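Undergrad: Here's my sequence, what's the structure:
(one chain, ligands or ions: 2)
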Amino acid sequence: MLRTVFGYDAFRGEQAAIIDTVVAGGDALVLMPTGGGKSLCYQVPALVREGTGVVVSPLIALMQDQVDALGALGVRAAFLNSSQRLDERREVEAAYLAGELDLLYLAPERLTVPDTVRLLEGGRIALFAIDEAHCVSSWGHDFRPDYLALAMLHERWPDVPRIALTATATAATAAEIVSRLKLEDATQFVASFDRPNIEYRIVAKDEPRRQLLTLLRDEHPGDAGIVYCLSRKSVEQTAAFLNKERITALPYHAGLDAGVRSANQSRFLREPGVVMVATIAFGMGIDKPDVRFVAHLDLPKSVEGYYQETGRAGRDGAPATAWLAYGLADVVSQRKMIDSSEGDAAHRRRLSAHLDAMLALCETVECRRAQLLAYFGQAAEPCGNCDTCTSPPQTWDGTVPAQKLLSAVWRLADRRQRYGAGHVVDILLGNANERVTQLGHTDLTVFGIGTELDANEWRGVVRQLLAQQLLAVADGYGTLVLTESSTAVLRGERTVALRREAPRAARSSSRKKSSAAEAVALDAPGEAVFERLRAWRSATAKEAGMPPYVIFHDATLRQIASSAPTSLSDLGAVSGVGANKLAKWGPAILAVVAG
Ligand code: ADP
Ligand code: ZN
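TA: Ligands and ions are numbered 1, 2, ... in the order given. Below you'll find the model as predicted:
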C-alpha cells in the first residue's frame, strides 16, 4: 500500500508498528508532532482491513481538500458534515452502505445524531480514527464538547479497532485522552516531538510590525507563512500593514464572514507566497507543506498552543522559522484575560500555570528546543538551531538589581500602593516626572538607586523576574507584587542569574535567504526543469480546483527535476509518485521534463 498507493519507499519512525497494531485489530494512541506522518497510520489500515475507515475530525473546512488529496491517490474517500446539501449527503451515505468507500470523514457532532449511528451500523467499519484527539481534553487548549461523546464508539462497536491521534503530547493531555475515550487497553506510541528543521527564535518586542517586516524581507521574501495575533483588531491592522508594504497578506479570524474565511484559507493553500495573518482560530489541520515561517506577534497562552502553532511551519522538512516577539504588555494583558475568564479558581490556576511555563520558555538561557521538549517530557541536547544556541545569551549576576527592583515594589506595598512596571522603573531611574512627584515617590529610599541600567534593561529585568516567579503581575493593570520567593532574594539568601539583553537587530547577515531552496540542490538546467514542473503543476491544480501540493510536493518535483526520468518506470521510482498519480500525470510530467 505504501509503495503503490502513496508512492513512498519506507515507513517513518513508528508508522509500521502503529499500522501493524491497528491492522491486527488493536487500539492505538498515537502522539506524534505535526508533520510526523499521522495520516498514513490510519489510512493504510483502512485500505488493508475490510470495510470503511471512519475518521472523526473537527476540521470541517479541510475535509474537501483531504478527500480530494485521497482521490488523487486513487483512494475512495468522502465526508459527511453540516456544510453539505441533503442530496450530497445521501449520495455519500449510499456509497458507504454499498461498501464503496475506503475512508469516511465525519465531524464529531455527526456522531451525536442517532441517524448517523444507524447509518454506520448499516455498513462495515474497518476502524475508527479519532484525529486531533486532544480536543477531548479540557486541560488542553482546543476542547470540543462533542468529543466527549466519542467514548460511545467503544461501547457500540467493541470489535472495531480505534486509533486516536494528536500532536499535543503532555502527559496530562495523554492521560485525559485515555480515560475519556476509554483507551486503557490501547498501545501507546510516542514519537519524538523534535522538529529539527524549525529554527526557534524569541525576541523582545520593540516595534513588532517593523520587526516582523524585517524578518519577512530579510529572510523570507516571497515565502508563505502564518502570523499569529491575539485579537481580531490586530489581525486586521497587521494584514493591512503588510499589504501596504507590498506583501500579500490575508486576514483570518472568527469575526469574519464564513465565506471570506474560507476564501482566504483557500487562497493561502493554493497561491504561492501568501501570508496568513490570523488568530488561533486558524491553522488546525492545515497540511500545507511549504509554510516557511510562523510568527507570533503576541505571547501564546501556553507552550502547548505555541508548539502546535509553530509546528505548522516546515512540514516538508525544509528549513523553517518559528519567530515570536513578546514584551511586558503581553504578560499584563494575559493576566487580565485570566482574571476575567469564566470558570472556577482551579481553571484560573491552570491558565496561570500555562502562562508561567510560556514565560519561562521566553526568558530561558538554555536551548529553546531542549526546553520545549522537556515540557513534553523528552530529553534533548542543545540543538544548534535556535537563537539561544546560535548566539548564547550571556548571563550575569543580577542579584543586586533584582533586590533594588523588589525592594521598590516592597516599599510601595508598604505604603499600601501598587504600581506597574513603568512607574517602578521611573522610580529606580530617578525620573522625577509629574506622576512620580505628585505621588511623593521622590521621597522613597529607592528613588534613583537604579541608574546603572537603562529603562529597557530594567524592563528586561522585570520580565525575567516574572519568568523566574520572583515577581508577579497581580491583575490586568499590570500591578507588580512580590511572591513567596521574593523574600529570599531581598534577604540575600538567593542569587539571581539574568540574561543579558541581546543588542538590537544584531542578526548575523550570514543568514540564508529563502530556505526552501535547500532541499535538493539542482544545477541550472535542473532548476529550469523544476520551474517548468511548477508551472505545469500550478496549471493542473487550477484546472482540478485543488491546492498544488495535493498533486505533488515541491520535494517530489525537485527529485523529478534532478533525476530527469525518461520512462514511466523511472518516474514511478521517485518518492511521492504512487501508481494512481503515475497513471494520471506521468505522461504529462515526462513531456515537461523532456522540454
Ligand atoms: P501529520 O498529520 O502527522 O501532521 P501528515 O500525515 O500530514 O502529518 O504527514 C506529513 C507529510 O509527510 C505528508 O506530506 C506525508 O505525505 C508525508 N509522509 C508521511 N509518511 C511518509 C513516509 N513514510 N514517507 C514519506 N513521506 C511521508
Ligand atoms: Zn537550541
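
Undergrad: Secondary structure element for Val203, which one?
TA: strand 198-204 (DSSP states H and E).

Undergrad: Distance-wise, check the nearest residue to Val294 once chain neighbours are set aside relative to Leu31.
TA: Computed as C-beta to C-beta, 6 or more residues apart in numbering, the closest residue to Val294 that is not its neighbour in sequence is Ala313, at 4.4 Å. The way it works is simple: take the backbone N, C-alpha and C, and place the C-beta from them, glycine included. With distances taken as C-beta to C-beta, to the nearest Å, Ala313 is found 20 Å from Leu31.

Undergrad: Check Val303 too.
TA: In terms of C-beta to C-beta, Val303 sits 15 Å off from Leu31.

Undergrad: which of these two has more neighbours?
TA: Between Val303 and Leu31, counting by other C-beta atoms under 10 Å, Leu31 is the more crowded of the two (25 against 21).

Undergrad: count of neighbours near Leu70?
TA: Number of residues near Leu70 (other C-beta under 10 Å) recorded here: 21.

Undergrad: Ramachandran angles for the closest residue to ligand 1 within the stretch 401-550 of the chain?
TA: Residue of the stretch 401-550 of the chain nearest ligand 1, by C-beta to the nearest ligand atom: Tyr549 (7.8 Å). Tyr549 adopts backbone torsions of phi -70, psi -10, taken as degrees, to the nearest 10.

Undergrad: Assign Arg411 to helix, strand or coil.
TA: helix (DSSP: H, G, I helix; E, B strand; the rest coil).

Undergrad: and it, how many neighbours does it have?
TA: By other C-beta under 10 Å, the residues close to Arg411 number 17.

Undergrad: How much space separates it from ligand 2?
TA: Using C-beta to the ion, to the nearest Å, Arg411 is found at 40 Å from ligand 2.

Undergrad: Now do the residue nearest to Val294 against ligand 2, distance only.
TA: Counting by C-beta to the ion, the gap from Ala313 to ligand 2 is 16 Å.

Undergrad: how many other residues sit next to that residue?
TA: 28.

Undergrad: contacting residues for it?
TA: 198, 225-226, 291-294, 320-322 (C-beta atoms under 8 Å, 6 or more residues apart in numbering).

Undergrad: ok, of the residues you listed, which one's closest to ligand 2?
TA: Ile198 (10.8 Å; C-beta to the ion).

Undergrad: How about the contacts made by that closest one?
TA: Applying C-beta under 8 Å, 6+ apart, the residues near Ile198 are 310-311, 313-314, 320-322, 385.

Undergrad: For these, name the two members farthest from one another.
TA: Greatest spacing in the contacts of Ile198, by C-beta to C-beta: Gly311 and Asn385 (15.0 Å).

Undergrad: Which positions in the protein make contact with ligand 1?
TA: 8, 11-12, 15, 32, 34-40, 287, 289, 315 (C-beta under 6 Å from any ligand atom).

Undergrad: 5 Å instead?
TA: 8, 11-12, 34-40, 287 (C-beta under 5 Å from any ligand atom).

Undergrad: Narrow the residues you listed to just the buried residues.
TA: Buried subset of these (neighbour count, 16 or more other C-beta atoms under 10 Å): 8, 11, 34-40, 287.

Undergrad: so of those residues, which ones are in helices?
TA: Among these, DSSP state H puts 38-40 in helices.

Undergrad: Kindly reformat the residues you listed as JSON lines containing pLDDT.
TA: Shown next, in JSON lines, are those (pLDDT from 0 to 100):
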{"residue": "Lys38", "pLDDT": "94"}
{"residue": "Ser39", "pLDDT": "94"}
{"residue": "Leu40", "pLDDT": "96"}
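
Undergrad: re earlier: so between Gly311 and Asn385, which is more surrounded?
TA: Neighbours of Gly311 and Asn385, each counted by other C-beta under 10 Å, are more numerous for Gly311; the result is 23 against 18.

Undergrad: Name the nearest residue to the more buried one, ignoring sequence neighbours.
TA: Closest to Gly311 by C-beta to C-beta, 6+ apart is Thr34, at 3.4 Å.

Undergrad: what's the distance between the residue of the chain most remote from its centre and Ser563?
TA: Residue distances from the centre of the chain (C-alpha atoms, centre = their mean) peak at Asp443, which lies 49.5 Å from the mean C-alpha position. Remark: distance between Asp443 and Ser563 (C-beta to C-beta) = 79 Å.

Undergrad: so what are the domain limits for the protein?
TA: Using automatic domain parsing, the domains assigned to the chain come out as 2-190, 198-391, 395-500, 518-594.
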